[in-house]
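Chemist: Show me how the following folds:
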Amino acid sequence: MKRLWLFYFPLLFLPSLGFSRQTPFGIIEISDFLIVPFIILLVITPSARYEQKLSQLNRLLLVFLLWACLTTLSIPFRYDYLSVVPILVGCFLKLAKLSLYVTAGVFISKKLSDSTTRAQWLWSLIAALVMLSVGLVLSTNDPGMQSSTDALQGYKSYNAIIVSMAIMCTYVAGLWIDDIGSRKWRLGAAIALGAALCSIVASASLSNHGRGGWLGLIVGCGYFLWKRTATFKATSIALVLILTALIGYTAVPDFRSLVDSTISAEPAGGEYSVSGVNDGGRISTWSHEAPKWMNAPLLGTGFYHRGGESGLWDTGSHNFYIQIFLETGVIGGVLMILIFAQMWRQTGSSLALQQRIRTPTRAALIAAMMAGMSGEYFYGSAAVLVLFSGFAFTGSLPTFSLVHPRNYKSSAKQFSRFAAS
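Modeler: The predicted structure follows:
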């Protein structure tokens, strides 16, 4: 029973298969129905008995949640709505969704307290990557996406999947390069990574581009390839990426059209950057939305309070960090930056280096942070869960200075099991 959550985890990345629905408060996907049972499975599973590094991050997460609640509750006192209830319901539902996915990610770290669970967790990551790959291919061949609403919904889902895959691919590839896991796991990881890259190239088109995910994947992989330049595996990964791109460009017309439109487009209508590279209108959108922070610099407009009296575009700024500053003010924005900074700092510990997870985890964080610059993918979805899944090993590391003396023997025993891999 205590291992059931490991088998359940990949199910959170099941393809939508047409079951995703647009509601007045956002899109509901299959994972939104599966996340609560997953959390219940994690709750009933025994946790680590030693103090974890994750506890330091939890404080920042809790403070951000409280601040986001405060800014959202202030909406009725700052904006003139005839009926503010629907606005508040929508904002708090979005905040609740984010809290659920973050809670699930936090609980995962608490369960990785011994070598057996850690080894099985590696297999869960591969299964999740395969599930994402299948979902990516199916999302591009869904005959049900006919109306403009469905097309827009599919477009958003595709980008989110690409970002999730970019983070997961970067992390799994880093673990593979650093020889984490058994020989069988490394073989499975190599196969899963190959399938993932093929699915990304095969699914790409002018309507399904996912450039933010591409950017995250390239920069994240570039980081660990730079850190592991001398290794044969790193060289192999680099060659595979190059060959996959070349073969895809030659053999897949949609992929070739997307590449050409991205790097060879003529500037027109403000859709492209000044250099002639298609940025999907990102820079012009940032320039339009970012100055609106001055309208509510301290409190922001309220978490996910867009459109209407907020003055923000309904579609957002297409930049996670800018949007957090706009919606939760300077305090919320700084807290979010501190959360990522804390994750980065903890991955740099000597214990993370000893466990050979420093470079893979930092590469995954870089992929996530770069992807966040092109879209708001971390408001509560698979991308958030993937982000915390990549951090789970680091979060599960012990913090010796915080261990209470009376629990020292228990903590030492638990950590000895953790390190015996």
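Chemist: Tell me if I am right that F378 is in a strand.
Modeler: No. Judged by DSSP: H, G, I helix; E, B strand; the rest coil, F378 forms no part of a strand; its state is coil.
Chemist: can you tell me which residues contact it?
Modeler: By CB atoms under 8 Å, 6 or more residues apart in numbering, the contact list for F378 reads L98, F320, A368, G372, V384, L387. The C-beta positions use only the backbone N, C-alpha and C, and glycine is treated the same way.
Chemist: Recalculate using a threshold of 6 Å.
Modeler: By CB atoms under 6 Å, 6 or more residues apart in numbering, F378 lies in contact with F320, V384.
Chemist: what about the strands in this protein?
Modeler: 21-23, 26-28 (DSSP state E).
Chemist: mean pLDDT for those: which is lowest?
Modeler: Of all these, strand 21-23 carries the lowest average pLDDT, namely a mean of 68.
Chemist: and the closest residue to D32 other than its chain neighbours, how many residues sit next to it?
Modeler: By the measure of CB to CB, 6 or more residues apart in numbering, the closest residue to D32 outside its immediate chain neighbours is K97, 6.8 Å from it. Applying other CB atoms under 10 Å, we find 20 other residues in the vicinity of K97.
Chemist: Around the closest residue to K111 other than its chain neighbours, count how many other residues there are.
Modeler: Among residues not flanking K111 along the chain, T45 sits closest, at 5.3 Å (CB to CB, 6+ apart). A count of neighbours around T45, defined by other CB under 10 Å, yields 19.
Chemist: separation between T45 and F388?
Modeler: Plainly put, T45 is 16 Å away from F388 if you go by CB to CB, to the nearest Å.
Chemist: so where do the helices sit in the stretch 151-300 of the chain?
Modeler: With helices called from DSSP state H, counting those that start in this stretch, the stretch 151-300 of the chain shows them at 183-203, 211-227, 232-251, 253-263, 282-289.
Chemist: Please verify my assumption that F9 contacts W123.
Modeler: No. Under the criterion of CB atoms under 6 Å, F9 makes no contact with W123, lying 10.0 Å away.
Chemist: which one of these two has more residues nearby?
Modeler: When F9 and W123 are compared for neighbours, F9 comes out ahead with 24 against 19, by other CB under 10 Å.
Chemist: Can you give me the pLDDT of that one?
Modeler: Reported pLDDT for F9: 96.
Chemist: Could you do the one 10 residues further on as well?
Modeler: We have a pLDDT of 65 for F19.
Chemist: Same check on T262?
Modeler: The model reports T262 with a pLDDT of 61.
Chemist: quick one: R356 and D178 touch, right?
Modeler: Yes. The pair R356 and D178 qualifies as a contact (CB under 6 Å) at a distance of 4.6 Å.
Chemist: More neighbours: the two, which one.
Modeler: Taking neighbours as other CB under 10 Å, R356 and D178 compare with D178 leading, 20 against 15.
Chemist: Return the residues in contact with that one.
Modeler: R356.
Chemist: L65 now?
Modeler: L65 makes contact with no residue, according to CB under 6 Å, 6+ apart.
Chemist: run the last query once more with 10 Å
Modeler: L95, L98, S99, V102, F303, L335 (CB atoms under 10 Å, 6 or more residues apart in numbering).
Chemist: what's the answer for W123, then?
Modeler: The neighbourhood of W123, defined by CB under 10 Å, 6+ apart, consists of L6, F7, F9, P10, G181, S182, K184, W185, G188, A189.
Chemist: unless I'm mixing things up, A383 is touching G375, no?
Modeler: Yes. In this structure, A383 is within contact of G375 by CB atoms under 10 Å, at 9.2 Å.
Chemist: any common contacting residues for the two?
Modeler: With CB under 10 Å, 6+ apart, A383 and G375 have common neighbours N159, A160, I162, V163, G213, F320.
Chemist: Report the two of these separated the most.
Modeler: Farthest apart among those by CB to CB are I162 and F320. That separation is 14.9 Å.
Chemist: Looking at those two, which is more packed in?
Modeler: Just comparing I162 and F320: by other CB under 10 Å the higher neighbour count belongs to I162, 30 against 23.
Chemist: where does the more buried one land on pLDDT?
Modeler: In this model, I162 is scored at 88, pLDDT.
Chemist: In contact with it, which residues?
Modeler: Residues counted as contacts of I162 (CB under 10 Å, 6+ apart) are 132, 136, 139, 199-200, 203-204, 208-214, 216-217, 371, 375, 377, 383.
Chemist: Pull up the gap between the residue lying closest to W313 once chain neighbours are set aside and S310, please.
Modeler: In space, W313 comes closest to E289 once its chain neighbours are excluded; the distance is 6.3 Å by CB to CB, 6+ apart. Using CB to CB, E289 is found at 11 Å from S310.
Chemist: Convert stretch 364-378 to PDB, retaining C-alpha atoms only.
Modeler: Below are the C-alpha coordinates for stretch 364-378, written out as PDB (Å, rounded to 0.1, in the frame of the first residue of the first chain):
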ATOM      1  CA  ALA A 364      15.700  21.000 -14.800                       C
ATOM      2  CA  LEU A 365      15.300  24.200 -12.800                       C
ATOM      3  CA  ILE A 366      16.900  26.200 -15.600                       C
ATOM      4  CA  ALA A 367      14.600  24.600 -18.100                       C
ATOM      5  CA  ALA A 368      11.600  25.500 -16.000                       C
ATOM      6  CA  MET A 369      12.700  29.100 -15.300                       C
ATOM      7  CA  MET A 370      13.300  29.700 -19.000                       C
ATOM      8  CA  ALA A 371      10.000  28.200 -20.000                       C
ATOM      9  CA  GLY A 372       8.300  30.400 -17.500                       C
ATOM     10  CA  MET A 373       9.500  33.500 -19.400                       C
ATOM     11  CA  SER A 374       7.300  32.600 -22.400                       C
ATOM     12  CA  GLY A 375       4.000  31.600 -20.600                       C
ATOM     13  CA  GLU A 376       2.200  31.200 -17.300                       C
ATOM     14  CA  TYR A 377       2.600  27.500 -17.000                       C
ATOM     15  CA  PHE A 378       3.000  27.300 -13.200                       C
END
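Chemist: Give me the buried positions along stretch 340-350.
Modeler: Neighbour counts over stretch 340-350 (16 or more other CB atoms under 10 Å) mark F340, Q342, M343, W344, Q346, T347, S349 as buried.
Chemist: Wait, the first one touches M369, no?
Modeler: Yes. A contact is recorded between F340 and M369 when judged using CB under 10 Å, the distance being 6.2 Å.
Chemist: Please consider this matter closed, and thank you.
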